[in-house]
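Asks: Have a look; sequence and predicted model below, questions after that.
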Amino acid sequence: MRNSLPNLIKGALAALFLLLAGAASGQQVTFSQQELLIKSSEKTHRFTVELALNDKQRAQGLMFRKEMAPDHGMLFDFDEVRPVAMWMENTILPLDMLFIQKDGTISHIHADAVPYSRDVIDSRGPVAFVLELNAGRARALGIKIGDKVVSKQIGNAG
């Protein structure tokens, strides 16, 4: 029995190491970038977005980022139209999440997602893409449901 406590501690330390190593390696995921436009009734807004195209990139997303330029964001492409659930675990930045149909139409906006929250943020129906921007940007720019997101990734850029 005397040997079980040290083994338990060793096991806990090994599990902690693996968790931290996994988090650190997750930060090494790389993303390509692309220009993206949001056409609202008032104006066209230009962003540079990182593309989350595969499972590893989508899992990493914007976790652990401490800052993002006002005209930047991340576009998640789910390769199909389906209901999507997002969350903010390990995400430091408060975000706006724009849920986008296959044709680029914004169908739902979840404003001001709370950092570190495990609450599920639902797409409220099938979507093909999610665009994450700094919290408050959608409201500040007058972006609303029905506006169009245009990019090569979405496939509607002319």
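Replies: That came through, no problem.

Asks: contacts for stretch 56-68?
Replies: 23, 26-27, 29, 31, 51-52, 74, 76, 78, 89-93, 95, 132, 134 (CB atoms under 8 Å, 6 or more residues apart in numbering). C-betas here are computed from N, CA, C, even on glycine.

Asks: Report the contact partners of K148.
Replies: K148 neighbours (CB under 8 Å, 6+ apart): I38, K39, D103, G104, T105, I106, N156.

Asks: domains for this protein, by residue range?
Replies: 1-29, 31-150 (automatic domain parsing).

Asks: First-to-last residue distance for the longest one?
Replies: This points to domain 31-150. One end of domain 31-150 to the other measures 19 Å (CA to CA, to the nearest Å).

Asks: Skip ahead from the helix or strand bottoming out on mean pLDDT in the chain and say which helix or strand is next.
Replies: Lowest on mean pLDDT, DSSP states H and E among the helices and strands of the chain sits helix 4-26, with a mean of 49. The helix or strand immediately downstream of helix 4-26 is strand 33-39, counting by DSSP states H and E.

Asks: quick one: which of the contacts of K148 is most hemmed in?
Replies: I38 (26 neighbours; other CB atoms under 10 Å).
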